[in-house]
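Visitor: Okay, predicted coordinates and the sequence, questions at the end:
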Amino acid sequence: MNPYLEIVLRSLAVYAFIVLAIRLFGKKELSQLSITDLVLILLISNAVQNAMVGDDTTLQGGLLAAFTLFLLNYIIKYISFKSNFFSKILEGEPVMLVYKGFIKKENLNSQKISHEELEAVAREHGLKNISDAELIMLERDGSISVISKELNGQTIHKRKRLKKYGDKSIA
């Protein structure tokens, strides 16, 4: 087999494996990287390098593997953009964690999110209590959106707090 074709095929296989592994281990991991998550990513990249290029340690081999990964990533993003079905398979769907101040415990459990983590997210978004949330969603990208009851449907993280000094409001 052509050594460059072998690099392309190996790179495709490694990419597919890593995407599948990240998808299986949960989307909350994507937006909340801890030190151990960062170390894992660094070690995985080192571990799979040889799986992609094999014995070829040339510049061309490394660049071909990198190009293959970029191209495959572009193709997958393009297909995800064009196909809701493929996008849902790859990225999943948003998950409701809180609705009208009530926690959806079955969804917290399925996403492996503890009550303490949920409380921390609510505080990060300026809520004193989870019951102050109209809606808390785990988004497809792993981020968590919070909509407050007091803001009439506006998301907290997009709200600018203004301080008044005399007749002027400043952010």
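Guide: Happy to help now that I have it. Numbers count the residues shown, from 1 in each chain.
Visitor: how about the helices in the chain?
Guide: Applying DSSP state H to the chain gives helices spanning 3-25, 28-31, 35-53, 59-82, 84-91, 105-110, 115-124.
Visitor: So for residue 133, which of the ones you listed sits nearest?
Guide: helix 115-124 (6.1 Å; Cβ to Cβ). Where you see a C-beta, it was placed from the backbone N, CA and C, and this is true even at glycine.
Visitor: so how far is that closest one off the chain centroid?
Guide: The chain centroid and the centroid of helix 115-124 are separated by 18 Å under Cα atoms, centre = their mean, to the nearest Å.
Visitor: Just the residues contacting it, thanks.
Guide: 97-98, 103, 108, 129-130, 132-133, 136, 144, 146 (Cβ atoms under 8 Å, 6 or more residues apart in numbering).
Visitor: let's go with 7 Å and repeat that
Guide: With contact meaning Cβ atoms under 7 Å, 6 or more residues apart in numbering, helix 115-124 is reached by 97, 103, 108, 130, 133, 136, 144, 146.
Visitor: If the fifth one is in a bridge, with which residues?
Guide: According to DSSP bridges, residue 148 are recorded as the beta-bridge partners of residue 133.
Visitor: Please report how far it lies from residue 148.
Guide: Distance, residue 133 to residue 148, by Cβ to Cβ, to the nearest Å: 6 Å.
Visitor: Residues that sit against both of the two, list them.
Guide: residue 127.
Visitor: Which one of the two is surrounded by more residues?
Guide: Each of residue 133 and residue 148 has its neighbours counted (other Cβ atoms under 10 Å); residue 133 has more, 25 against 20.
Visitor: my read: that one touches residue 145, true?
Guide: No. Under the criterion of Cβ atoms under 7 Å, residue 133 is not in contact with residue 145, lying 10.1 Å apart.
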